[in-house]
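Peer 1: Build the 3D model from these lines:
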Amino acid sequence: MEDCPLVLIRLIRHPVVLLAATLGVAVPALGLVPAPPAPSGVSQASAAPAAKPKPKPTKKKKPLPRFVFTFEGRGFGHGVGMSQYGAYGAARAGRSAQQIIAHYYRGTTIDVLPVTPVRVLLGTRVRAVTLHADGPWGVVAESNPLQVVRSLPPGVDVMVTREGAAVLVSDTDGAELLRAEGPIRFIPSSAQTTTRFKGSRYRGVLRILPEDTTMTVINHVDLEQYLPGVVPREMPSKWGDDAPAALEAQAIAARSYAMATRRTVGEFDMYADERSQVYGGAGAEDPRTTRAVAATAGQVVTVGGQIVTTYFFSTSGGRTENVENVFRGSPRSYLVSVRDASFDAASPHHVWRDPKSFTDGQLARLLGIPRPVLQTKVLERGVSPRVKLIRFTARNGFVKELRGSEVRKLLGLRDTWFVARRRLRTPATLRLVAATQRAQAPATPRSTTEAGRARVDVLPASIDPIGSVAAKPAARV
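Peer 2: Numbers count the residues shown, from 1 in each chain. As a prediction, this is how the structure comes out:
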């Protein structure tokens, strides 16, 4: 046992033992092997900072869906005054022209005018005029104190041109027939003679006024000769076959409108287009509408002895509208909302059979909105209930408010009686949009004095079929 310490010392000094002892100290210090647990039970290596937990992934917002807006509605026209299809339905039901007028223009009476001349503007800034009469006629210079009429041969073209300050009348061979320094008049020698100008024939006198280096052409004609050229352009003449009272009511309304809105200053009283009423002259006359004018000769609609503005239009959709809800201006006691659903239902536009559809992007572009439309909200309706004010909100929050009449014009709608229905953009709703585009491709339905012409759906620009008078300046409302 005495040798044990010595053996132990020798063992410790052995190179292998020394190497093992060295590694046993150095390796843990270098972190190559786990250090022995600390007294607290926490590993010495935990002195290094712990790794941060990974953030939870944020959920992406779902994109807003895209939409298609369909505008469903009723009627055709501005909705004020007499519905022409309503008048047609009432006439077929046995109502007289006077009863129809009383229904649509409340609190009015019918008075009779004496023979009244009117002056209709046919052309302005005309450099050369070609006229042709189908009967005896003549020409006179207004500057001639004796007003001597120079006879002209019927059936022969006559040319009117400017030569300096003078107006020169010549035949087709260039032979001078008349020279005048001021206005001239072409006068028919009989009531049956008509004069052709720009492809249309006119009764009465054609007056030509020199204006700078051009000329202005005006038709001077009696009111009762003017109306047979107006009524068939505002209501289908064929309605006289089974509903002559409708044409008679139209004649009364057209006569009243002409007198209530005629110009009070200047060289002419009214235009030959939708700015007044569409006037086709003798070439537009039809025996059925001519009979309606004769049957109501001189009759006008009045309130307190004053002729009133008798607005009219194609289709009410079942109810007309108060004038102040459509045109800017004050209320009028005779232009208030009335029901006529049972009469107006004959119209193909009583309820829209082909409502227009637009994508949210198309709608934004048409309305002048910078981003696709997200939603719509009607803020105010009239009595009928036509839209007075509507709000459009875009996907980015942009808001635009428009009058119903503005939306009607921008979108090409038939009336302001509409509802905008929003649906998801799907293949089915996109087919509705494509159908709207196909329908608009040839020509957007145009209007007359919202008038109807014989072809009710293809009409001139500021009117609607069949024949409503379009909104006039405030003084006329």
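Peer 1: Output the below-cut-off pLDDT ranges for the stretch 51-200 of the chain.
Peer 2: Filtered on pLDDT under 70, the stretch 51-200 of the chain yields the residue ranges 51, 59.
Peer 1: again with the stretch 351-477 of the chain
Peer 2: In the stretch 351-477 of the chain (pLDDT under 70), the answer is 441-477.
Peer 1: What does the residue lying closest to residue 237 once chain neighbours are set aside show for phi and psi?
Peer 2: Residue nearest to residue 237 in three dimensions, not counting chain neighbours: residue 286, with 3.8 Å by Cβ to Cβ, 6 or more residues apart in numbering. Using the backbone N, CA and C atoms, a C-beta is placed for each residue, glycine as well. Dihedral angles of residue 286 (phi, psi; degrees, to the nearest 10) stand at phi -130, psi 140.
Peer 1: and residue 286, how many neighbours does it have?
Peer 2: As a burial measure, residue 286 scores 19 neighbours (other Cβ atoms under 10 Å).
Peer 1: again with the one 10 residues further on
Peer 2: Applying other Cβ under 10 Å, we find 26 residues neighbouring residue 296.
Peer 1: on that earlier part again, contacting residues for the residue nearest to residue 237?
Peer 2: 228, 232, 237, 240 (Cβ atoms under 8 Å, 6 or more residues apart in numbering).
Peer 1: pLDDT score for it?
Peer 2: On pLDDT, residue 286 comes in at 97.
Peer 1: How much space separates it from residue 309?
Peer 2: For residue 286, the distance to residue 309 equals 26 Å [Cβ to Cβ, to the nearest Å].
Peer 1: And the contacts of residue 286, which two are furthest apart?
Peer 2: 228 and 240 (12.4 Å; Cβ to Cβ).
Peer 1: Pull up the overlap in contacts between these two.
Peer 2: Taking Cβ under 8 Å, 6+ apart as the criterion, residue 228 and residue 240 both touch 286, 289.
Peer 1: Distance from the chain centre to the helix ranked longest in the chain, please.
Peer 2: As assigned by DSSP state H, the longest helix anywhere in the chain is helix 244-261. On the basis of Cα atoms, centre = their mean, to the nearest Å, helix 244-261 sits 24 Å off its chain's mean C-alpha point.
Peer 1: following that helix, which helix or strand shows up next?
Peer 2: The first helix or strand that comes after helix 244-261 along the chain, using DSSP states H and E, is strand 270-271.
Peer 1: for that following strand, packing partners?
Peer 2: If you count contacts as 3 or more Cβ pairs under 8 Å, 6 or more residues apart in numbering; DSSP states H and E, strand 270-271 packs onto strand 117-126.
Peer 1: Quick check: bridge partners of the nearest residue to residue 305 once chain neighbours are set aside?
Peer 2: Excluding the flanking residues, the one nearest residue 305 by Cβ to Cβ, 6+ apart is residue 111, at 7.4 Å. Beta-bridge partners recorded for residue 111 (DSSP bridges): residue 300.
Peer 1: isn't residue 111 right up against residue 296?
Peer 2: No - assessed by Cβ atoms under 8 Å, residue 111 is found out of contact with residue 296, at 11.9 Å.
Peer 1: so where do the helices sit in the stretch 251-400 of the chain?
Peer 2: For the stretch 251-400 of the chain, helices defined by DSSP state H, counting those that start in this stretch occupy the ranges 287-295, 341-344, 360-367.
Peer 1: which stretch among those comes nearest residue 155?
Peer 2: Residue 155 lies closest to helix 287-295 among the helices of the stretch 251-400 of the chain, at 24.4 Å (Cβ to Cβ).
Peer 1: Quick check: which helices or strands does that closest one pack against?
Peer 2: Helix 287-295 sits against helix 231-234, helix 244-261, with contacts defined as 3+ Cβ pairs under 8 Å, 6+ apart.
Peer 1: which one of the ones you listed lies closest to residue 166?
Peer 2: So among these, helix 244-261 is nearest, using Cβ to Cβ, at 34.4 Å.
Peer 1: avg pLDDT for that closest one?
Peer 2: Averaged across helix 244-261, the pLDDT comes to 97.
Peer 1: Please save the CA atoms from that helix in CSV.
Peer 2: Output of helix 244-261 as CSV, limited to C-alpha atoms (Å, rounded to 0.1, in the frame of the first residue of the first chain):
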residue,chain,number,x,y,z
PRO,A,244,-108.4,60.2,-84.9
ALA,A,245,-108.9,61.9,-81.6
ALA,A,246,-105.2,61.3,-80.8
LEU,A,247,-104.2,63.2,-83.9
GLU,A,248,-106.6,66.0,-83.0
ALA,A,249,-105.2,66.2,-79.5
GLN,A,250,-101.7,66.4,-81.0
ALA,A,251,-102.8,69.2,-83.3
ILE,A,252,-104.2,71.2,-80.4
ALA,A,253,-101.0,70.6,-78.4
ALA,A,254,-98.7,71.5,-81.4
ARG,A,255,-100.7,74.7,-82.2
SER,A,256,-100.5,75.8,-78.5
TYR,A,257,-96.8,75.0,-78.2
ALA,A,258,-96.0,77.0,-81.4
MET,A,259,-97.8,80.1,-80.1
ALA,A,260,-96.5,79.8,-76.5
THR,A,261,-92.9,79.5,-77.5
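Peer 1: Which neighbouring elements make contact with it?
Peer 2: Applying 3+ Cβ pairs under 8 Å, 6+ apart, one finds that helix 244-261 makes contact with helix 84-92, helix 97-104, helix 223-226, helix 231-234, helix 287-295, strand 299-303, strand 306-307, strand 312-313.
Peer 1: and with 7 Å instead?
Peer 2: Applying 3 or more Cβ pairs under 7 Å, 6 or more residues apart in numbering; DSSP states H and E, one finds that helix 244-261 contacts helix 84-92, helix 97-104, helix 231-234, helix 287-295, strand 299-303, strand 306-307.
Peer 1: Within the sheet, what are the partner strands of the shortest one, with directions?
Peer 2: Within its sheet, strand 306-307 is paired with strand 299-303 (antiparallel), according to DSSP bridges.
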